[in-house]
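Undergrad: next one to model:
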Amino acid sequence: MIALLIAGCIFTVGPFLAILILALSPEGAPSIPYSWPERLTLDNLARVLGTQNFTTWTMNSLIYSIVSVMVILLTASMAGYSFAKKRFPGRDAIMWSFLATLMVPVQVTLIPLFVLIASLDGVNTYWGLIVPTLANSQAVFLMRQFIQGLPDDLFEAARIDGAGEWTIFFRIVLPLMKPILATLGIFVFLWHWNDFLWPLVIAQTDAMRTLTVGLASMNAETVYRSSLMAAAVISVIPCLIIFAVLQRYLVNSVAMTGIKG
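TA: Numbering: from 1, shown residues only. So this is what the prediction gives:
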């Protein structure tokens, strides 16, 4: 068993170590898997960070990811609260119809969505990049399932004390949802940070490219492998930071799920 775990760790961590070594290898120097580099250098990282296009791509990815996370968490939590604790005609039908969109492949709606955004002059704009990705049925479903587990007596007591719906949502629901908000925030951030297809279609200039599309364009050009690996290493850093900051909330969310089960 231990040998299998060690082998699994090697297969998991090995590619990341190879990318890091390649990123620290001098340009044009032979490196793994052919030979071990004679020396390691930070020149590739400095060169990539000093490139204007790379800085622009990184900022575009940050804007795309952070704004999407904030809007999706807010709207999904509101929708989840409504579907979980409110009574209105057609509630379940609307919820299941919304979830049915998960069965529709993204590729099917890509061309109609692009035509719609293009007709509204959204090509090469931030709103055209961000808005079409904000309707997240998975996020709404997760929020609904979590809020359903909250006791109704808590909300009734707040209403008896004179609290309105907005007060209940912002002062009771949101503080109790920190674990699921952090967990969903990690997944939404990673999804948008690594998103490739929609940014490739809607961002048609260097100034609006995201980091994933920019790295693909670098791979298509005559660029040293070490510089490309350096760019890939830098692109992973924001994901590691987000995970490190929100890790404790992720663990709490898993623990609470186990207790409820």
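Undergrad: contacts and neighbour counts: CA atoms only from here.
TA: Noted.
Undergrad: looking at this protein, which residue ends up farthest from its center?
TA: Distance from the C-alpha centroid of the chain peaks at residue 160, with 39.2 Å (CA atoms, centre = their mean).
Undergrad: and it, what does it touch?
TA: The neighbourhood of residue 160, defined by CA atoms under 8 Å, 6 or more residues apart in numbering, contains no residues.
Undergrad: counting contacts, what elements does the helix or strand hosting residue 200 pack onto?
TA: Here residue 200, judged by DSSP states H and E, is contained in helix 197-202. Packed against helix 197-202 by the contact rule (3 or more CA pairs under 8 Å, 6 or more residues apart in numbering; DSSP states H and E) you find helix 106-119, helix 126-130.
Undergrad: just the buried positions in stretch 191-201, please.
TA: Across stretch 191-201, burial judged by 16 or more other CA atoms under 10 Å covers 192, 193, 194, 195, 196, 198, 199, 200, 201.
Undergrad: in three-state terms, label residue 102 for me.
TA: Here residue 102 is recorded as helix under DSSP: H, G, I helix; E, B strand; the rest coil.
Undergrad: hmm, it is touching residue 137, no?
TA: Yes - if you go by CA atoms under 8 Å, residue 102 and residue 137 touch, sitting 7.2 Å apart.
Undergrad: those two: who's more crowded?
TA: Just comparing residue 102 and residue 137: by other CA atoms under 10 Å the higher neighbour count belongs to residue 137, 21 against 12.
Undergrad: please report how far the more buried one lies from residue 110.
TA: Using CA to CA, to the nearest Å, residue 137 is found at 17 Å from residue 110.
Undergrad: kindly report the same for residue 246.
TA: 32 Å.
Undergrad: hang on, the earlier thing: for the buried residues of stretch 191-201, which one is nearest residue 87?
TA: residue 192 (33.0 Å; CA to CA).
Undergrad: before we move on, the earlier item: buried deepest among the helices and strands packed on helix 197-202, which one?
TA: Comparing the helices and strands packed on helix 197-202 by mean neighbour count (mean count of other CA atoms under 10 Å), helix 126-130 ranks first with a mean of 18.
Undergrad: distance from the very next helix or strand once past that helix to the middle of the chain?
TA: Moving toward the C-terminus from helix 126-130, the next helix or strand (DSSP H and E) is helix 137-148. For helix 137-148, the distance from its own C-alpha centre to the chain's C-alpha centre is 17 Å (CA atoms, centre = their mean, to the nearest Å).
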